[in-house]
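Student: when you get a sec, could you give me coordinates for this:
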Amino acid sequence: MSELIIAENLYKSYGEVVAVNGLSLKVDKGSIMGLIGPNGAGKTTTIKIILGLLRPDKGRVLVFGEDPWDNPRIRENIGVIYEKAYFPSHHKF
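Tutor: Numbers count the residues shown, from 1 in each chain. Down below sits the predicted model:
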């Protein structure tokens, strides 16, 4: 399978609080993935980095082979469902 999402050595902190510390992951095309962990584990921060909504302090993310931070088309074509579902108005179902 081809890799849809690649995250390599991600780091993100908010002041003194380290939210993501060296995370690497790969998600293959056609697979389903979930992030599970306690409050404050960095799940939301990781998702925001993958979506291109937040820039990591270190590391890189590729979605469809491109950095979502640098390519708005990527951000327009990916989404996430949190515990409480929210669908932006620009998504068509």
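Student: roughly how far apart are residue 5 and residue 17?
Tutor: Taking C-beta to C-beta, to the nearest Å as the measure, residue 5 falls 25 Å from residue 17. For every residue, glycine as well, the C-beta is placed using N, CA and C.
Student: between the two, which has more neighbouring residues?
Tutor: Between residue 5 and residue 17, counted using other C-beta atoms under 10 Å, residue 5 has the larger neighbour count: 18 against 9.
Student: how about the helices in the protein?
Tutor: With DSSP state H as the definition, the chain shows helices at residue ranges 43-51, 72-76.
Student: report all helices and strands that the first one contacts.
Tutor: Using 3 or more C-beta pairs under 8 Å, 6 or more residues apart in numbering; DSSP states H and E as the contact definition, the elements that helix 43-51 packs against are strand 3-14, strand 17-28, strand 58-63.
Student: okay if I get these as CSV plus mean pLDDT?
Tutor: Listed next are those as CSV, based on pLDDT from 0 to 100:
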stretch, mean pLDDT
strand 3-14, 96
strand 17-28, 95
strand 58-63, 96
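Student: still on that earlier bit, mind checking the helices of the chain for the one nearest to residue 26?
Tutor: Ranking those by proximity to residue 26 (C-beta to C-beta) places helix 43-51 first, at 11.7 Å.
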